[in-house]
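Asks: missing the sequence, but the structure's below:
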């Protein structure tokens, strides 16, 4: 579903070093005020901003490489913990997850999809695509309805719930809709509203402004 996403940060240099040197991902474009990192068939662009911003997003990885990836990540940075655990299995998604944070406080989740395998050693190809992008808005209900009207279905429920996590999408790619002030799982950080731009594989775009208002563009 996700071709690209643009996030904002006041720590552009630190993030470029983190994604290029710590996670060993390919930086495809870079200027003084932004850079783009390849995540399998998706890309993430970080743009310089005067204001601090952080997001939650997830990356799909092969289920059979989850343990290898976990060992590899633990040699580079500490994994986040929840109730003493540093990983969790989600039955409804048939997937295992681990969490960590980058220098800007972005909460990153690596999701091992048990029905997707990749044989061989870990490599850039082990990062399959962007799995989840969070949208934090005070208008969860109305934004959720607008996203559904845009053709992205609600997952696992018949109604958007204002004060809960809401998943919109299908397969293994989702928009995660959440209100401000909700603690992110495997983190002490509470959700905040920050602007972002999403481009879907079909060329359509979703923008969220600094107030959490949504707009759509169709090419």
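Replies: Happy to help now that I have it. Everything quoted here is computed from the prediction, not taken from an experiment.

Asks: So what pairs up with the most centrally placed residue in the chain in the strands?
Replies: Closest to where the C-alpha atoms of the chain average out (Cα atoms, centre = their mean) is residue 57, at 1.4 Å. Residue 57 has these beta-bridge partners by DSSP bridges: residue 108, residue 133.

Asks: Determine how far the last residue of stretch 75-94 lies from the first.
Replies: 26 Å (Cα to Cα, to the nearest Å).

Asks: Walking through this protein, point out its helices one by one.
Replies: 12-17, 66-74, 140-149 (DSSP state H).

Asks: now the ones you listed in CSV, with mean neighbour count and mean pLDDT?
Replies: Where you see a C-beta, it was placed from the backbone N, CA and C, and this is true even at glycine. Listed next are those as CSV, based on neighbours: other Cβ atoms under 10 Å; pLDDT from 0 to 100:
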stretch, mean neighbour count, mean pLDDT
helix 12-17, 16, 97
helix 66-74, 16, 97
helix 140-149, 17, 96
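
Asks: For residue 45, which of those helices is the nearest?
Replies: Of all those, helix 12-17 sits nearest to residue 45, with 10.8 Å by Cβ to Cβ.

Asks: Now do the closest one: which elements does it pack against?
Replies: Helices and strands touching helix 12-17, by 3 or more Cβ pairs under 8 Å, 6 or more residues apart in numbering; DSSP states H and E, are strand 34-39, strand 42-48.

Asks: Minimum distance to residue 121: which of these has it?
Replies: strand 34-39 (18.3 Å).

Asks: show me what contacts residue 18?
Replies: Contacts for residue 18 (Cβ atoms under 8 Å, 6 or more residues apart in numbering) come out as 102-103.

Asks: Residue 210 versus that one, what's the distance?
Replies: 24 Å (Cβ to Cβ, to the nearest Å).

Asks: Same check on residue 112?
Replies: 34 Å.

Asks: Those two: who's more crowded?
Replies: residue 112 (23 against 12; other Cβ atoms under 10 Å).

Asks: Leaving out chain neighbours, which residue sits closest to the more buried one?
Replies: Distances taken as Cβ to Cβ, 6 or more residues apart in numbering put residue 66 closest to residue 112, at 3.2 Å, once the chain neighbours are dropped.

Asks: Tell me who's in contact with that neighbour.
Replies: Contact analysis of residue 66 by Cβ under 8 Å, 6+ apart lists 96, 98, 110, 112.

Asks: Considering the residues you listed, which is situated nearest to residue 33?
Replies: Using Cβ to Cβ, these come closest to residue 33 at residue 110, 27.8 Å.

Asks: That closest one - how many residues pack around it?
Replies: 23.

Asks: Isn't it up against residue 74?
Replies: No. In this structure, residue 110 is not within contact of residue 74 by Cβ atoms under 8 Å, at 11.7 Å.

Asks: Might one say that the residue nearest to the centre of the chain is in contact with residue 136?
Replies: No. Between residue 57 and residue 136 there is no contact under Cβ under 8 Å: 11.9 Å.

Asks: gap between the residue lying farthest from the centre of the chain and residue 111?
Replies: The centre of the chain is farthest from one residue, residue 120, which by Cα atoms, centre = their mean lies 25.2 Å away. According to Cβ to Cβ, residue 120 and residue 111 sit 20 Å apart.
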